[in-house]
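Novice: Whatever this is, show me its structure:
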Amino acid sequence: MIHSIAKITPAGMLVFFPSYALLHKLTTRWRTSGAYAAMHDTKPVFAEPRGVHSGEAFEESMQGYYAEIRSNPSKGATFMAVFRGKASEGLDFADARARCVVLVGIPYPNVMDSKVQLKKEYNNEMGGALLSGGAWYDQQAYRALNQVCFWGVKSTPPNKKTTTHPNRL
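Specialist: Have a look, this model is predicted:
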């Protein structure tokens, strides 16, 4: 599905995943199956690097993405990133840099994270004074979705698309 969307999207296309693990798993699967090469032939693919010391690699990846869009606006490029990652924090994806935003899944926080478990328990113990633990958990996922979807409407030329389809790739 991502490849099909890339074929009809001019300029830049952003693809957001709920986690680095899923991004890695799918890109590995696509490389094995040949789908990644087909996607890359349609639009050069760049990805958000993982890790706290990945600042320089991230900057190189972003500059490559921007350069591809500038050099061939009709073809553009694809940038794969992670909700709550570096690419979702304060970067400018206006106009040609994000003609399409694809959201792969819903970015719920890691339910096994002790901080998440404690926050849910605390909210449940507070009763009506706060959102329930489950409602807070849902709210966190939808905040991350809204943050990324904002680029889909921030500067809306007629050919900008925002696509959500969490059950299929």
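
Novice: Leaving out the residues flanking it, which one is nearest to residue 45?
Specialist: Using C-beta to C-beta, 6 or more residues apart in numbering and skipping the chain neighbours, the partner closest in space to residue 45 is residue 78 (4.8 Å). Quick note: C-beta positions are derived from backbone N, CA and C, even for glycine.

Novice: Read off the pLDDT value for that neighbour.
Specialist: Looking at residue 78, its pLDDT is 96.

Novice: Counting by contacts, list what the strand or helix carrying it packs against.
Specialist: Assessed by DSSP states H and E, residue 78 sits inside strand 77-82. With contacts defined as 3 or more C-beta pairs under 8 Å, 6 or more residues apart in numbering; DSSP states H and E, the packing partners of strand 77-82 are strand 12-17, helix 20-33, strand 45-47, helix 55-71.

Novice: wait, doesn't the residue nearest to residue 45 sit right on residue 36?
Specialist: No. With contact defined as C-beta atoms under 8 Å, residue 78 does not count as touching residue 36 (10.5 Å).

Novice: Now the common contact residues for these two.
Specialist: Taking C-beta atoms under 8 Å, 6 or more residues apart in numbering as the criterion, residue 78 and residue 36 both touch residue 45.

Novice: Any stretches of the protein with poor pLDDT?
Specialist: Applying pLDDT under 70 to the chain flags the ranges 52-53, 90, 150-169.

Novice: and the longest helix for it?
Specialist: In terms of residue count, the longest helix belonging to the chain (DSSP state H) is helix 133-154.

Novice: ok so, going back, who does the residue nearest to residue 45 bridge with?
Specialist: residue 13, residue 45 (DSSP bridges).

Novice: Identify the residues contacting it.
Specialist: Counting by C-beta under 8 Å, 6+ apart, residue 78 makes contact with 2, 6, 12, 13, 14, 15, 39, 43, 44, 45, 46.

Novice: if we can go back for a sec, dump the strand holding residue 78 to CSV, keeping only the CA atoms.
Specialist: In CSV, the C-alpha atoms belonging to strand 77-82 read as follows (Å, rounded to 0.1, in the frame of the first residue of the first chain):
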residue,chain,number,x,y,z
ALA,A,77,11.3,11.2,-1.8
THR,A,78,9.9,9.1,1.1
PHE,A,79,11.0,9.7,4.7
MET,A,80,10.1,6.9,7.2
ALA,A,81,10.0,8.0,10.8
VAL,A,82,8.6,7.1,14.2
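
Novice: Which strands and helices lie in contact with the following helix or strand past that strand?
Specialist: For strand 77-82, the succeeding helix or strand toward the C-terminus, using DSSP H and E, is strand 100-103. Contacts defined by 3+ C-beta pairs under 8 Å, 6+ apart place strand 100-103 against helix 2-8, strand 12-17, helix 133-154, strand 161-164.
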